[in-house]
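K.L.:
fold the following, please.
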Amino acid sequence: MTAIDVLVSGLAFPEAPRWHNGELWVSDMHAAQVLRIDRRGRVSAVVTVPHLPSGLGWLPDGRLLVVSMEDRKVLRLDEDGLVEHADLSAVATWHCNDMVVDRMGRAYVTNFGDDSHPGVPPRPGKVAFVSPEGHVRAVAGEMQFANGMAISPDGHTFYVAETRSEPPRITVFDVAADGSLSNRRVLMAFADAAPDGICLDAEGALWVASPFTNEALRVFDGEVVQRVSTGDQGCYAVALGGPDNSTLYLCTSGSWIPEEARRLRNGRVCVMTVAVPAAPAT
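P.N.:
Coordinates of the predicted model:
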């Protein structure tokens, strides 16, 4: 096990961390805010998302995209505030979740499928594709609680965590020129973990948040090659960044249940230095 340090505490439920323009951006989901965190741990509020923020990304012109979970939309932060970028209600059968945005501004968004809780098989959901202009279509189906995602640096491979499949797994697709996904296959199935947020490093390994074992796992060639304990809290999301892209950011919380997370406000962003930096930006 490797020691980690606490960068920020007192959050409700930090999710969807992204390193962007020299700062860490995080959705404090159950506090309904998008935050920026500098290297000293100083927190700035960016925008309030009333229907709860999750996945974050940016268009090529620098405008922020944020998933608005409960109303199943992707919002865009323009100069005069948040506006609707895309309505995902035709694809998402329940609340939207994470998002990854490629260098062309094309977004992939997951959703919960239904309102069931862990321990009950979820309704299969779909992965939504959102063009830079805000057009929406489904690009993958039969997803068992699709969650965190990553795209390889060459843009050809798409990774997605299926948190509540049996067994839980990381699934991989090929990416076509138009953003479509094909050639579905399992990268790794987990015997003792349920993958949540993921990120990719420069060796092609994935860091995987494992909330129910209170760990982050480094997965390479279908095996867990490193485990990082997050102590008494579940780890729900991870990101690589920092000045040299060799800082692993870990989003943790004492509870994923909204009411408890808001009451406890014990969510943290933790950090540790890793040997392999982030993969180049997609």
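
K.L.:
residue 164: what's it in contact with?
P.N.:
Residues in contact with residue 164 (CB atoms under 8 Å, 6 or more residues apart in numbering) are 118, 121-122, 144-145, 194. (Each C-beta comes from the backbone N, C-alpha and C, glycine too.)

K.L.:
tell me the buried residues within these.
P.N.:
Among the contacts of residue 164, those buried by neighbour count (16 or more other CB atoms under 10 Å) are 122, 144-145, 194.

K.L.:
could those be laid out in JSON lines, adding pLDDT?
P.N.:
Converted to JSON lines, the buried ones among the contacts of residue 164 look like this (pLDDT from 0 to 100):
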{"residue": "122", "pLDDT": "76"}
{"residue": "144", "pLDDT": "92"}
{"residue": "145", "pLDDT": "90"}
{"residue": "194", "pLDDT": "93"}
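
K.L.:
I'd like to know how far residue 26 sits from residue 46.
P.N.:
10 Å (CB to CB, to the nearest Å).

K.L.:
pick out whichever of those two has more residues nearby.
P.N.:
residue 26 (29 against 18; other CB atoms under 10 Å).

K.L.:
any idea which helix or strand comes after the helix or strand containing the more buried one?
P.N.:
Here residue 26 is covered by strand 23-28, with elements defined by DSSP states H and E. Downstream of strand 23-28, the next assigned helix or strand under DSSP H and E is strand 33-37.

K.L.:
the inter-axis angle of that next one versus strand 23-28?
P.N.:
150 degrees (axes from the mean of the first three to the mean of the last three CA atoms, to 10 degrees).

K.L.:
CA atoms of strand 33-37 as CSV?
P.N.:
The C-alpha trace of strand 33-37 is given here as CSV (Å, rounded to 0.1, in the frame of the first residue of the first chain):
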residue,chain,number,x,y,z
GLN,A,33,-21.3,22.8,-7.5
VAL,A,34,-18.4,22.6,-9.9
LEU,A,35,-15.1,23.5,-8.2
ARG,A,36,-11.6,24.4,-9.2
ILE,A,37,-8.8,23.4,-6.9
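
K.L.:
how long is stretch 90-99 from one end to the other?
P.N.:
17 Å (CA to CA, to the nearest Å).

K.L.:
pLDDT score assigned to residue 119?
P.N.:
Each residue has a pLDDT score; the one for residue 119 is 69.

K.L.:
could you pull out the helices for the stretch 151-282 of the chain?
P.N.:
Here the stretch 151-282 of the chain has its helices, by DSSP state H, counting those that start in this stretch, at 258-264.
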